[in-house]
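Novice: below are the sequence and a predicted model for it; my questions follow.
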Amino acid sequence: MAQPSIYVGTAGWSYPDWENIVYPRASSVERLRTIVEFLDCVEIDSSFYRPPTPRMTANWAKTAGVRDGFRFLAKAWQRFTHDRSAPWGQTELELFTNGLEPLREAGKLELILFQFPWSFRNDSRNRDWLKLIAGAFANWPVAVEVRHDSWTGDEVTEFFRAHKLTFCNIDQPGLSHCLRPGEIVTSDTGYYRLHGRNARSWFREKQESYGGRYDYLYSEAELGELLSRIHHVAQRAKRTFVIFNNHKDAKAFANALQLKIRLQPEDVMRAPALLLVAYPALRSRLQPAGEEQLPLV
C-alpha cells in the first residue's frame, strides 16, 4: 500500500509582516512564487473577503504551473459563511464560482473551504444552511470548518458524509466549548488547519496588532503531537492537506517547514535565507536558498 500523500502549506501568502522574513519587498506574484518553491499547497485567503476574478486565478494557476503537484485551497466568500441573514442569490453564487474556474480547469483547485465562526453551533437552522451549501456547490469539492464543540459525535460525522462535505479538523486554543483537535475523515480528502494556541487573544475583538490572534509558534513537541493525529487522518484519506494559519510574522511558514522536515526526514530541504535569520533554530535542518544576509530595515 502506497504511503498517504500529505501536503503542507499556509493560509495565504501575501502578508505585509512577511516582508524581509519570507521574501523581500515584492509583488503578489513574486510572493506566490516563493510559496510554490518551498511548500506543497496554499489556501487563498483573500477570497474570503471578496470573490477573485478569473484573471487573478488564471495568473495564480500559471505561477503555480512550474510544479505539477502544487495545489490551491480557496476560502469561501464570507457571504456564504458569515452573512446568513438570508440565502445568497444565483448572481452571487456565479460571481464567486466563475472566479475559481481557471484554477479548476488547470487541475490546481483541491477544495473550497467554508470557514464558520465559533458562534455557528450545531442546530437545525445551521445544519439546513450547510445543506444549502452542499446543494449549491454540488459540482465543487467542499470542505467545512466549524469551531464550536457542539459539532462532535457520530451524528455529525454521518451528516458530513451524507452531504459529501469534507470535515476540517482544527487546532485552536483550548477555551470553553472550542472544538478540540480530532481525527475525522468524511471524504477522500483529509484536512487539518492549525490556528495556533494564543488563548489570550483568541476571542479579543480588538487585537493589539495585526494578526495578533494568530501570533503563536508551535513547539517541536506540539508539532509531534499534532503529526500523530495528522497521520491517523492521512491513513484513511487519499490525500491530506495541512494548513498553518498562525501567520503572524511568518510563524506559519516556519512551522510548515518544520512539519515537512518531520514528514521527509531523509530529504535535504531549503528555506528562504531571510527566514533562517528570523528563526535561527531552523538552521540545523534547512539549507538557505540564496544569499543569507540580515533583512533590510
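Specialist: Happy to help now that I have it. Just so you know, these numbers come straight off a predicted model, no measurement behind them. Numbers count the residues shown, from 1 in each chain.
Novice: distance of Leu113 from Lys260?
Specialist: Distance check for Leu113 against Lys260: by C-beta to C-beta, to the nearest Å, it reads 21 Å. In this view, the C-beta of every residue, glycine as well, is placed from N, C-alpha and C.
Novice: higher neighbour count, these two?
Specialist: Neighbour tally, Leu113 and Lys260, criterion other C-beta atoms under 10 Å: the higher count belongs to Leu113, 26 against 23.
Novice: and the host helix or strand of the more buried one, which strands flank it?
Specialist: Using DSSP states H and E, Leu113 falls within strand 109-115. For strand 109-115, the paired strands and their directions (DSSP bridges) are strand 71-75 (parallel), strand 142-145 (parallel).
Novice: for that strand, what is the distance to the chain centroid?
Specialist: Per C-alpha atoms, centre = their mean, to the nearest Å, the displacement of strand 109-115 from the mean C-alpha position of its chain is 9 Å.
Novice: report the buried residues of the helix or strand just after it.
Specialist: Using DSSP H and E, the helix or strand that directly follows strand 109-115 along the chain is helix 124-136. Using 16 or more other C-beta atoms under 10 Å as the test for burial, helix 124-136 gives 126, 129-130, 133-134, 136.
Novice: same thing with stretch 107-123?
Specialist: Neighbour-count burial for stretch 107-123 flags 108-116, 118, 120-122 (criterion: 16+ other C-beta under 10 Å).
Novice: what about that stretch, distance to the chain center?
Specialist: 11 Å.
Novice: now stretch 85-95
Specialist: Remark: stretch 85-95 is offset 24 Å from the chain centroid, using C-alpha atoms, centre = their mean.
Novice: what's the average pLDDT for that stretch?
Specialist: The pLDDT scores in stretch 85-95 average 97.
Novice: try stretch 171-188
Specialist: pLDDT averaged over stretch 171-188 gives 97.
Novice: what's in contact with that stretch?
Specialist: The contact list for stretch 171-188 (C-beta atoms under 8 Å, 6 or more residues apart in numbering) reads 118, 146-152, 157, 160-161, 164-167, 169-170, 192-199, 202-203, 226, 229, 232-233, 236-239.
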